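S.K.: Just to be clear, the model below is a prediction. Sequence and coordinates:
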Amino acid sequence: MNHILPIAEEDWKVIKPHLSIVKFEKGEQLLCPPQICSFIAFIKSGSVRSYHMDDQLVETNLLLRSANEFITDYESFISQDPSTLWIQSIERGEAILLNRTGLYYLYETSFYWNKFGRIISEQIFINSKRRTEQLLFLSPTERYMLLLKHNPDYFQKYALKHIASYLGITPQSLSRIRNQLSKH
């Protein structure tokens, strides 16, 4: 959090009552539709994904997250409408959950946490816009190359089937792209 906004001891003290630690096993669901998302999770260890499942039970990854990253269904969290996303652990780990009631209390009572929330919201917007533009305007090969450039660690952290889904392609298409690029 200090990378986002330097934090003082008194700001830590006011958030602690609103935090809880959860441990999760590989494959455990942290959020399932139509639950309403009431948490923002900071991943201490392990990795998780958020994904959508269509009527044919095809899963499409929206986010892949691991240690020192946040995950939530932000739309459900804000609107308090039922979630349309699943959040599932990819591997065993631990997360710190901040509940919605606590966050909104902190927004009202703490300048620091209000500012922190605004910065995080801005980052979520920018990341969402970039991801939407990539899926709409870049070819699968361009999306793969961009992921390789900006997140090379994904290829050590996540199974290729999860990476393919995140890129919006089939595992077979990902294999073809990787083979074509290795020949060049």
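M.R.: Great, that's in hand. Owing to the predicted nature of the structure, the values given are computational and were not obtained by experimental measurement. Numbers count the residues shown, from 1 in each chain.
S.K.: show me what contacts the most centrally placed residue in the chain?
M.R.: Geometric centre of the chain, nearest residue: Ile71, 3.8 Å, by CA atoms, centre = their mean. For Ile71, the contacting residues are Ile40, Ala41, Ile43, Val48, Ser50, Leu63, Arg65, Ile87, by CB atoms under 8 Å, 6 or more residues apart in numbering. (C-beta placed from N, C-alpha, C; glycine too.)
S.K.: among these, who's most crowded?
M.R.: Ile87 (26 neighbours; other CB atoms under 10 Å).
S.K.: In which helix or strand does that one reside?
M.R.: strand 86-99 (DSSP states H and E).
S.K.: Buried residues in that strand, which are they?
M.R.: Within strand 86-99, the residues scored as buried using 16 or more other CB atoms under 10 Å are Trp86, Ile87, Gln88, Ser89, Ile90, Glu91, Gly93, Ala95, Ile96, Leu97, Leu98.
S.K.: now these as JSON lines including distance to Ser110 and pLDDT?
M.R.: As requested, the buried residues of strand 86-99 are exported to JSON lines (distance: CB to CB, whole Å; pLDDT from 0 to 100):
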{"residue": "Trp86", "distance to Ser110": "32", "pLDDT": "98"}
{"residue": "Ile87", "distance to Ser110": "27", "pLDDT": "98"}
{"residue": "Gln88", "distance to Ser110": "32", "pLDDT": "98"}
{"residue": "Ser89", "distance to Ser110": "31", "pLDDT": "98"}
{"residue": "Ile90", "distance to Ser110": "33", "pLDDT": "97"}
{"residue": "Glu91", "distance to Ser110": "34", "pLDDT": "96"}
{"residue": "Gly93", "distance to Ser110": "28", "pLDDT": "98"}
{"residue": "Ala95", "distance to Ser110": "22", "pLDDT": "98"}
{"residue": "Ile96", "distance to Ser110": "18", "pLDDT": "96"}
{"residue": "Leu97", "distance to Ser110": "18", "pLDDT": "97"}
{"residue": "Leu98", "distance to Ser110": "13", "pLDDT": "96"}
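S.K.: picking up where we left off before, what is the strand holding Ile87 packed up against?
M.R.: Contacts defined by 3 or more CB pairs under 8 Å, 6 or more residues apart in numbering; DSSP states H and E place strand 86-99 against strand 19-24, strand 29-31, strand 39-53.
S.K.: In CSV, list these along with distance to Trp113 and mean pLDDT.
M.R.: Shown next, in CSV, are the helices and strands packed on strand 86-99 (distance: least, CB to CB, whole Å; pLDDT from 0 to 100):
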stretch, distance to Trp113, mean pLDDT
strand 19-24, 12, 97
strand 29-31, 23, 98
strand 39-53, 12, 97
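S.K.: closest to Arg178 out of the ones you listed?
M.R.: strand 39-53 (20.5 Å; CB to CB).
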